[in-house]
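> With the sequence up front, the predicted model follows.
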Amino acid sequence: MAFNFPGFGDFQQPQRRSPQPRQRQPLNPKQKKQMRTVGIVIAVLIGIFVIVPPLVSVYTGWLWFDSLAKGGVFGTILGTRLGLFLIFGALSASILYLCMGLAHRAKPTTPARPNPVLDPYRRMGSGKHRPVFAIIAALLGIFFGFAAQLKWQQVSVFFNTQSFGIKDPQFGHDLGFYAFQLPFLSMLVTWLVSLVAIGVTLSIFLHYFQGSLELRPRQGKQRGSVVLAQKARQQIAILGGILILLVGVNYWLDRYELLSGDINFKNQTITGAGFTSANVLMSVKLLLTVIAVFCAVAFFTSFVIKDLRIPALATTIMLIGGVAVGSILPWAVEQLSVKPNKANKEAEFIARNIQATRFAYNLRDNNLTVMPNFGKESAPVPQPGDKGVASTLANIRLLDPNVLSPAFTQSKQLRSFYGFPQTLSIDRYQVDGQLRDYVVAVREINPSALTGNQTDWINRHTVYTHGNGIVMAPANTVDAIVTDAGDRGGNPKYEVYDQQSLAAKHVREKATANGAPRNPVPSGTAQLDLREPRVYYGPLIAKHNPDYAIVKTAGEPQEYDVDGSNYTYQGAGGVHVGRVVNRLAYAIEYRELNFILSTLIGGDSKILLNRDPRARVEAVAPWLTADTSAYPVVVDGRIKWIVDAYTTLDSLPYAQKINLGEVTTDSQTSRREWSPTMKQVSYIRNSVKAVVDSYDGSVQLYSFDEKDPVLKAWEGVFPGLMKPKSDMSEQLRQHIRYPEDMFKAQREILSRYHVTNPLGFYTGGSYWQVPNEPTITENEASENAASRGLFDQPPYYVVSADPRTGRPSFQLTTPMLWNQREFLSSQISVSSDPDNYGHITIRQWPTNTTTQGPKNALDRMTSAGGYQTEKLQLEGANTIIYGNLLTLPIGDGGVLYVEPLYAQRKGQESAYPKLIRVMVMYNNRMGYGRSLSDALEQVGLDGSLVEQPDGLEGDGTAPPIAKNPAPGGMTRDEAAAKLSEALAHLKQAQASGDMGRFGEALQNLDRAVQDYQNADK
């Protein structure tokens, strides 16, 4: 720049010399060799830490699926994901490379103007564009491919679309379009929009970098401008037109997604397109689609008319119009037209939501019976002959599975490294021809209980590998009534089926085969036919990470079985680790050198892994959502885990959305081995019953709702994976129960959707709510008010009278309250009986009644004279624990509350809860006694229908507790010694040939076995 001063001539600004780039010296051969070595080392390290672990994971995954004879599932999933990665990745990389290549071809021979900032880089990049373009395209292609393979489930069901046979009320499309096709189409459009947008961005950047696009600043009166070379303008016009056209397609699809939007009114939100969405936003989306098409045409025509201002202006109008018309107009209609007449305007759309929601959660009329006007202020005292009274009273459950885990542990643990889950299971068995519910628990290995040298790698993974048997107790009784927690009694009447009891059974059978008199089967027990009591798979085992076990080790049997005896696994399950490559793979997988170094791993060795039943089901069928509770049953001589699994959809037109994790959370959730799945759903079916063998880990899936379109779609993806329901054995079918998570979702929906009138639904005056756990204090509830569902009372399994027939029925039940009131509104129960499975019954109290809810009932029972009289005495040396409060309909209108009270001695590590008292409330009368029979008699009900615990006399009072320990109170060691002595006497009697003596010895053995099963730890 020149500066002119009169009389002094021109002064020129000193010119800076551009620094001369230093000449790079070529590398000598030694330096080149060093560089190659460094490159090889870096490549190897990248391979080891980046590439090898995923490949090993794929390999070990294939081994695991193959061990379950489900390699086809793994192949389908891997093939689909790999195919999507390659297809979308290659297409994305190719399109982006093409965009950059076309932009480079538009490079002018010489830039329009020199650019001191970009010119040095232009010279550096000259002639090296292809490798750079390839690297950029490849990286972006990998990103798009990775994102696409995550959507393998949407793609899979798209090609296996099924019809629901129901059409949406707005467009008339089958619901299968929204379930299977719309998610894939939305994914495809999103991918294309993102891809083209990146292509446009890269093209514009390259045009600017190369000089075919210039941003000329304003100079004087001359405005700033954008100067484009012809080829650059043509490319941007084509890409811009495609992008706007795809945006139009997205607007078109948005219309369908509005059907899963929100309708807001009266502090609540329901799912669907309301009046404004259906009548205004739908039209706006259609208008924006048309505008987008015109904008795209404008971009395409600019290819010819050589001016991008028209499409740019059209796009600006579309964006501004989209904001104005898409936001302001709907807002105005909502405020000026809809809001003043909300109930009438939204009535049609509320009705749509009600109908769709009841379908989505399987609450249709053919699956549900409502008994209106059930409750009465003063229910008549039922008579023994009344329908269902005996069935309900005789099966009242006293044992709480949420309380009794310490009792099972202290009494039936056997060894410190065995354990039981915090929450036990409830199931039913036939006993002497009568249906009876049981508290059930599997005695599993508890890895967290291992101590000292038990925790080293060899012991943890090759010695302590499996549990031992199943422990049960009838849920409606105890061994004897008690006065205090220090007394003997108040314990479950255990039935133990394990290796010890199996060995004793074999001895008896052998003796009978040799001519000894057959002993009668003891009555009052389930008499399970358990032939393999060893448990290698279970939720408690899997709580330790990693949870694998190495079995069939080299040399002598290594696994602890029973005292003085080791065992070698004989099951078909497990992955072979005898091969070096497999050992190396698992060494990498678990970062454990012992897989390579240990001499215990031989040619026949196997690894048992992924040992949680629920996790195994979700791994085999990742499109299923497993229930939070897996429960054990004895079927075909083995302990098996039944896992309920759900097919779900996250979006279905007008069907109410819920968070499955929130609605399944209750006061007992934290005690379980699995936490609820935080997942949004608007459709759910318990379509699959999965059975996992606790010995060999095999997984079998049964199609339980064969009409479910979602299940049919997945059966098309994985043919042969599911077995039909008809293949279930009758024995297995007898233990199918209705799942808790499904029932919790349904009761949440029924709290509002029992109201089918749109106006009544809008006002919300008849809504229900799930009661809080009655034993939760008000301070606890208020402190955690923000924790949704944390204090909800859980539903409970009971054997009670069938509402239709009065016969004993295994049900899952829950009481419901009127919204923001503590009075009963209804009682919901669902049957688990095979002939009536899944049928829901709602006993509904009239709105003008004030039947006490669980919280008020418990308050009244604990305030009554009987409890208050003994309270200080009981609490002195004990901790009082409240069991689950049962709400049981009685007869034609009564409700019976039953609250078992447990006591646990303070200051004793080995103390555990014992049942000491029972409180009841019926017809506003309170009962309190040492036994259920006593408490029922006090409220006018027939206590003789209830099973009498040992030591209970006819007058309903407890006799003095014997100070000397009864045989059932002996320790485990004493009982084991007695059992060994009885076995020795039996062998001597058999050798003598005296059949009379032999029969007497056999009877003594039976008594010793019973004493062993009932012995304290």
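Received, thanks.

> Residue 878 and residue 903 touch, don't they?
Yes - look at residue 878 against residue 903 with Cβ atoms under 8 Å: they come within range, at 3.9 Å. Bear in mind the C-beta positions are built from the backbone N, C-alpha and C, glycine included.

> Are there residues contacting both of the two? Which ones?
Shared contacts of residue 878 and residue 903, defined by Cβ atoms under 8 Å, 6 or more residues apart in numbering, are found at 484, 485, 916.

> Output the contacting helices and strands for the helix or strand hosting residue 75.
Mapping residue 75 onto the secondary structure by DSSP states H and E places it in helix 71-105. With contacts defined as 3 or more Cβ pairs under 8 Å, 6 or more residues apart in numbering; DSSP states H and E, helix 71-105 has these neighbours: helix 52-67, helix 129-149, helix 152-158, helix 182-210, helix 230-257.

> confidence score at the closest residue to residue 410 other than its chain neighbours?
Closest residue to residue 410 apart from its sequence neighbours, by Cβ to Cβ, 6 or more residues apart in numbering: residue 912 at 4.5 Å. In the prediction, the pLDDT value recorded for residue 912 is 93.

> Poorly predicted segments of the stretch 501-650 of the chain, please.
Applying pLDDT under 70 to the stretch 501-650 of the chain flags residues 511-523.

> my guess is the residue nearest to residue 410 is in a strand, correct?
No - judged by DSSP: H, G, I helix; E, B strand; the rest coil, residue 912 forms no part of a strand; its state is coil.

> Buried among the shared contacts of residue 878 and residue 903? Need that as a selection in PyMOL.
Command for PyMOL that selects the buried part of these, burial taken from 16 or more other Cβ atoms under 10 Å:
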select buried, resi 484+485+916
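
> Could you check how far the residue nearest the centre of the chain is from residue 49?
Most central residue of the chain, judged by C-alpha distance to the mean C-alpha position with Cα atoms, centre = their mean, is residue 677 at 4.1 Å. The gap separating residue 677 from residue 49 is 32 Å, by Cβ to Cβ, to the nearest Å.

> do you know how far residue 552 is from residue 693?
17 Å.

> And for residue 659?
33 Å.

> just to revisit the earlier point, quick check: angle from the helix holding residue 75 to helix 52-67?
Going by axes from the mean of the first three to the mean of the last three Cα atoms, to 10 degrees, helix 71-105 is angled at 150 degrees with respect to helix 52-67.

> My guess is the residue nearest to residue 410 contacts residue 881. True?
No - here residue 912 does not reach residue 881: they are 10.2 Å apart, not a contact under Cβ under 8 Å.

> okay, and the common contacts of the two?
residue 904.

> about what we covered before: who's more crowded, residue 659 and residue 693?
Looking at residue 659 and residue 693 with other Cβ atoms under 10 Å, you find the greater number of neighbours at residue 693, namely 22 against 18.

> what's the closest non-adjacent residue to residue 925?
Of all residues not flanking residue 925 in the chain, residue 939 sits nearest, at 4.3 Å (Cβ to Cβ, 6+ apart).

> Distance-wise, check that neighbour relative to residue 861.
Distance check for residue 939 against residue 861: by Cβ to Cβ, it reads 11 Å.

> One more: residue 688?
To residue 861, residue 688 is 42 Å away according to Cβ to Cβ.

> of those two, who's got more company?
For residue 688 versus residue 861, neighbours defined as other Cβ under 10 Å are more numerous around residue 688 (26 against 23).

> That one belongs to a strand, doesn't it?
Yes - with three-state DSSP as the criterion, residue 688 is located in a strand.

> who touches it in this structure?
When contacts are counted by Cβ under 8 Å, 6+ apart, residue 688 touches 621, 624, 644, 645, 646, 647, 701, 702, 703, 704, 711, 722.

> With residue 284 instead?
325, 326, 329, 330.

> May I have the residues that are in contact with the second one?
With contacts taken as Cβ under 8 Å, 6+ apart, residue 326 has the following neighbours: 281, 284, 285, 288.

> can I assume the residue nearest to the centre of the chain sits in a helix?
No - in this structure, residue 677 is coil, not part of a helix, as judged by three-state DSSP.

> is it true that it touches residue 618?
No - using Cβ under 8 Å, residue 677 is not in contact with residue 618, being 9.4 Å away.

> Residues that sit against both of those two, list them.
Listed contacts common to residue 677 and residue 618 are 625, 626; contacts here mean Cβ under 8 Å, 6+ apart.

> what number of residues lie near residue 241?
The local packing count at residue 241 equals 21, with neighbours defined by other Cβ under 10 Å.

> mind checking how far it is from residue 94?
For residue 241, the distance to residue 94 (Cβ to Cβ) stands at 20 Å.

> Residue 507 too?
75 Å.

> same thing with residue 285?
In this structure, residue 285 and residue 94 are 32 Å apart, going by Cβ to Cβ.

> Which one of these two is surrounded by more residues?
In this view residue 285 and residue 94 are compared by other Cβ under 10 Å, and residue 285 has more residues nearby, 23 against 12.

> re the thing from before, what does the pLDDT read for the residue nearest to the centre of the chain?
70.

> dump the residue contacts of it.
625, 626, 628, 660, 661.

> Tell me the one of these nearest residue 598?
Nearest to residue 598 among these is residue 626, at 33.8 Å by Cβ to Cβ.

> Verify the assumption that that closest one is located in a helix.
No - the assignment for residue 626, made by three-state DSSP, is strand rather than a helix.

> So it sits against residue 616, correct?
No - with contacts counted by Cβ under 8 Å, residue 626 stays clear of residue 616, the gap being 9.3 Å.

> tell me the contacts of residue 531?
502, 637, 638.

> So which of those wins on neighbours?
Among the contacts of residue 531, where neighbours are counted by other Cβ under 10 Å, the top count belongs to residue 638, at 18 neighbours.

> Across the sheet, point out what pairs with that one.
According to DSSP bridges, the residues that bridge with residue 638 are residue 532, residue 635.

> My guess is it contacts residue 692. True?
No - under the criterion of Cβ under 8 Å, residue 638 is not in contact with residue 692, lying 10.7 Å apart.

> Start and end of stretch 882-898, how far apart?
The stretch stretch 882-898 measures 11 Å between its terminal residues, going by Cα to Cα, to the nearest Å.

> Check the offset of the helix or strand encompassing residue 282 from the chain's centre.
The secondary structure element spanning residue 282 is helix 282-305 (assigned by DSSP H and E). Here helix 282-305 is found 45 Å from its chain centre; the criterion is Cα atoms, centre = their mean, to the nearest Å.

> C-alpha coordinates for it, CSV please?
Taking only C-alpha atoms (Å, rounded to 0.1, in the frame of the first residue of the first chain), the coordinates of helix 282-305 have been written out as CSV:
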residue,chain,number,x,y,z
MET,A,282,-51.6,-32.8,9.5
SER,A,283,-52.5,-30.1,6.9
VAL,A,284,-49.4,-28.1,7.8
LYS,A,285,-47.1,-31.1,7.2
LEU,A,286,-48.8,-31.8,3.9
LEU,A,287,-48.4,-28.2,2.9
LEU,A,288,-44.7,-28.2,3.9
THR,A,289,-44.2,-31.4,1.8
VAL,A,290,-45.7,-29.6,-1.3
ILE,A,291,-43.5,-26.5,-0.6
ALA,A,292,-40.4,-28.7,-0.3
VAL,A,293,-41.2,-30.3,-3.7
PHE,A,294,-41.4,-26.9,-5.3
CYS,A,295,-38.2,-25.8,-3.6
ALA,A,296,-36.5,-28.9,-4.9
VAL,A,297,-37.8,-28.2,-8.4
ALA,A,298,-36.4,-24.7,-8.1
PHE,A,299,-33.0,-26.1,-7.2
PHE,A,300,-33.1,-28.4,-10.2
THR,A,301,-34.1,-25.7,-12.6
SER,A,302,-31.2,-23.5,-11.4
PHE,A,303,-29.0,-26.1,-13.2
VAL,A,304,-30.3,-24.5,-16.4
ILE,A,305,-31.2,-20.9,-15.5
